[in-house]
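[1] I would like the atomic coordinates for the input below:
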Amino acid sequence: LRDMLTDGVISGVGSVLVFLPNIMILYLFISFLEDSGYLARAAFIMDKVMHRMGVHGKSFIPMVMGFGCNVPAVMACRTIECRTSRIITIMVIPFMSCSARLPIYMMIVGTFFSAHAGTVLFLLYVFGMLLAVVSARLMRRFMFREQEAPFVMELSPYRLPTARTTLRHMWSKCAQYLKKMGGLILIASIVVWLLSYYPRPEQADSETYVPNYEQSYMGHIGKLCQPVFEPMSFDWQESVAIVSGIPAKEIVVSTMSVLYTQPGDEIAEADESLSPSIKGRLKNSMSLPSAVAFLIFTLLYLPCVATIMAIGSELNWRWAVGSAVYNTAVAWIMAYVAYLITQLLV
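    Predicted coordinates:
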């Protein structure tokens, strides 16, 4: 029970909770743009650019919302009258880096690229947007060739948002994030801890027992998945973390924290995602090319279960499964290419 509370609950959920200030800042600016009336004008201004992508001008707002959370972004596509543009927009929204992926970036970037953290984060977001543009152009060229309807939209007047309203909108979105941590991530962290703690040797002393994660149930799951990621030199811990991120991407961080934690580790500071000892083990476990491949893969692979369900409800389950398969295939190819390029450069 003690180990579950310290290594499972506190280490797992706590490693995600420390990223709340970053996510609050992200939602603060999105809420400000929404309340000021600028997003509607941005959609009008971006109409010509969005048409070159193969989508409608109204697709701009759901794509911006995708940086906060993909689920409301997918639901916001209902405002797009043209069916083909609505389908294309929904299919490329998962390439927008939602706030759930930010903790993963912070964990890897803070460990391997601390001297250039801002630049690496910026390039990750840009790379996701570029792949969204390429995917939209390909879908428009080979799947949907209908002409777009002209852009018609009523523009509300500019207004200066009050601090109270903006903060209320920001907090309502952050509260959803906290509820997710209190429910899904808490349960997932405990499940990951149980799978990594057992089976215990018959003669194990509860006071001195050190879990052998590699021989645990979680270790066996990771070794089953490892051949898929072997070309990128991922260890079994990284394979398990990627699989655990399917329900919610934040679980990747809590899984890595649980798997790399050992008894006697010091507690991380308030502004750190992982303790220095865990960061050291992570750095020893992954090479720099593998870290780059891990970043690219987590950026692009299939969205969380909630997003897949949203796509299924807005379109149908064929599109939902297609989105998961397409994103994962693109993620593997791009991650492998990034791994090879980094190997040549380093």
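
[2] pLDDT weak spots in the stretch 101-250 of the chain?
    For the stretch 101-250 of the chain, the stretches with pLDDT under 70 are 145-155, 177, 180-185, 201-214.

[3] what about the helices in it?
    Using DSSP state H, counting those that start in this stretch, the helices assigned to the stretch 101-250 of the chain run over residues 102-112, 117-142, 163-180, 186-197, 217-229, 236-244.

[4] other SSEs contacting the fifth one?
    Looking back up the chat, that one is helix 217-229. With contacts taken as 3 or more CB pairs under 8 Å, 6 or more residues apart in numbering; DSSP states H and E, helix 217-229 sits against helix 186-197, helix 236-244. Using the backbone N, CA and C atoms, a C-beta is placed for each residue, glycine as well.

[5] next: the second one.
    In this structure, helix 117-142 makes packing contacts with helix 47-53, helix 83-92, helix 102-112, helix 288-300, helix 317-345, judged by 3+ CB pairs under 8 Å, 6+ apart.

[6] go on, the first one?
    Identification of packing neighbours for helix 102-112 by 3+ CB pairs under 8 Å, 6+ apart yields helix 11-17, helix 20-36, helix 117-142, helix 251-260, helix 276-285, helix 288-300.

[7] ok, the residue positioned nearest the centre of the chain to H56 distance?
    Residue closest to the average C-alpha location in the chain (CA atoms, centre = their mean): R101, at 2.5 Å. Distance check for R101 against H56: by CB to CB, to the nearest Å, it reads 26 Å.

[8] try V240
    40 Å.

[9] the two: who's more crowded?
    V240 (30 against 25; other CB atoms under 10 Å).

[10] my read: that one touches T255, true?
    Yes: using CB atoms under 8 Å, V240 is in contact with T255, at 6.2 Å.

[11] overlap in contacts, the two.
    V192 (CB atoms under 8 Å, 6 or more residues apart in numbering).

[12] how about the residue nearest to the centre of the chain, what does it touch?
    Contacts of R101 by CB under 8 Å, 6+ apart are K249, T298, L299.

[13] so the first one makes contact with T298?
    Yes: in terms of CB under 8 Å, K249 counts as a neighbour of T298; the distance is 7.1 Å.

[14] more crowded one of the two?
    Counted by other CB under 10 Å, K249 and T298 do not tie: K249 has more neighbours, with 26 against 23.

[15] measure the more buried one to R318 for me?
    K249 is 24 Å from R318, by CB to CB.
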